[in-house]
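1. Here is my input; please provide its structure:
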Amino acid sequence: MPNNYDSIDNALNIESDIVHVDKTPSNITPIKNTKGDDIEKDYEYTRANLYSLIEKGQEAINGIMELAGEGGSPRAYEVAGQLIKSVADTTDKLIDLQKKLKDVEEDSKKTTNNVTNNAVFIGSTSELQKMLKQGFLNSKE
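-> Numbers count the residues shown, from 1 in each chain. Predicted structure coming up:
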């Protein structure tokens, strides 16, 4: 069966065969949206890391305080102070993590249902006053 590429095949001194492929649908499963799962995994991972850092910081504080007490070196007390500040900052990050998770959950649940009704009266002020008086009279009855 002649094809459109015979002149190219002759120019390049090659033979090409056209292969027809059956297009059967493949069994591709769509990827599920795991955004919520990823957020939960990240939260748990970060929380575990912060706890680990706090515990290691506490151990380091205990060690440096012993060293500072034995040697009385001002540098040891300075390092102890910096270490205490670092552990305190890490505990603050743990609380911030809780707030951020709460914000993310609220954002995902938040839906906006804004209904704006704009009424425009076209007429004179005396016509508006008459309408308002009639409305008040009708509502009193």
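
2. any idea which element L94 lies in?
-> For L94, the host element (DSSP states H and E) is helix 74-109.

3. now do K41
-> With elements taken from DSSP H and E, the one containing K41 is helix 35-71.

4. Could you list which residues are in contact with A68?
-> 76-77, 79-80 (C-beta atoms under 8 Å, 6 or more residues apart in numbering). In this view, the C-beta of every residue, glycine as well, is placed from N, C-alpha and C.

5. which two in those are spaced the farthest apart?
-> Taking C-beta to C-beta, the two most distant members of those are Y77 and V79; they sit 7.4 Å apart.

6. chain center to the helix holding K41, what's the gap?
-> 24 Å (C-alpha atoms, centre = their mean, to the nearest Å).

7. Taking helix 74-109 as reference, get the angle to it.
-> 170 degrees (axes from the mean of the first three to the mean of the last three C-alpha atoms, to 10 degrees).
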